[in-house]
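Asks: the sequence and its predicted three-dimensional model are supplied below.
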Amino acid sequence: QVQLVESGGGLVQAGDSLRLSCEASGLPFSDYHMAWFRQGPGKERELVTFITHSSDSVYYEDSVKGRFTISRDNANNMVYLQMNRLKPDDTAVYSCAASRGSAMLLTSNYNYWGRGTQVTVSS
């Protein structure tokens, strides 16, 4: 049974930092590309960032470039999202997702999803 479990969310002030973690189990983690999505209040789910299975390529949505960093630890089946200089617009439920396909920009490409962790940024 595949599980993706996120942690690290919370309530912070604008300008603060948070580090999200996603622990994967039940799948050959190093074979999967990993991503973080978010869904803010009244908004559609959006892709924030992804990292390929071997960490040789990463993508960031424009609004988080220079502030967020994705990384992974294949030895421990973990993926991380370091979020710096947080803004109120970053408020959302953040979910990690796993994909074996190459169409990393497509939500439908992702095979497994976590339940998410809430990040709230106050102004």
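Replies: On my side now, so go ahead.
Asks: got a list of what the spatially most central residue of the chain touches?
Replies: Central residue of the chain (C-alpha atoms, centre = their mean): Trp36, 2.1 Å from the mean position. When contacts are counted by C-beta atoms under 8 Å, 6 or more residues apart in numbering, Trp36 touches 20, 22, 47-50, 70, 79, 81, 94-97. The C-beta positions use only the backbone N, C-alpha and C, and glycine is treated the same way.
Asks: quick check: bridge partners of it?
Replies: Per DSSP bridges, the residues bridged to Trp36 are Thr49, Cys96.
Asks: quick one: buried residues of stretch 38-57?
Replies: When neighbours are counted by 16 or more other C-beta atoms under 10 Å, the buried residues of stretch 38-57 are found to be 38, 40, 45, 47-53, 55.
Asks: can I get those in a markdown table with pLDDT?
Replies: Shown next, in a markdown table, are these (pLDDT from 0 to 100):
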| residue | pLDDT |
| --- | --- |
| Arg38 | 98 |
| Gly40 | 96 |
| Arg45 | 96 |
| Leu47 | 97 |
| Val48 | 98 |
| Thr49 | 98 |
| Phe50 | 97 |
| Ile51 | 97 |
| Thr52 | 97 |
| His53 | 96 |
| Ser55 | 95 |
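Asks: now, which of these sits nearest Asp31?
Replies: Nearest to Asp31 among these, counting by C-beta to C-beta, is His53 at 5.8 Å.
Asks: okay if I get the buried residues of stretch 38-57 as TSV plus secondary structure and distance to Asp90?
Replies: Below are the buried residues of stretch 38-57 laid out as TSV (DSSP: H, G, I helix; E, B strand; the rest coil; distance: C-beta to C-beta, whole Å):
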residue	secondary structure	distance to Asp90
Arg38	strand	8
Gly40	coil	8
Arg45	coil	14
Leu47	strand	14
Val48	strand	9
Thr49	strand	12
Phe50	strand	17
Ile51	strand	19
Thr52	coil	24
His53	coil	26
Ser55	coil	24
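Asks: just give me the closest of the residues you listed to Ser63.
Replies: The closest of those to Ser63 turns out to be Val48 (C-beta to C-beta; 8.7 Å).
Asks: who's in contact with that closest one?
Replies: Shown in contact with Val48 (C-beta under 8 Å, 6+ apart): 35-38, 60-61, 64, 68, 81, 94.
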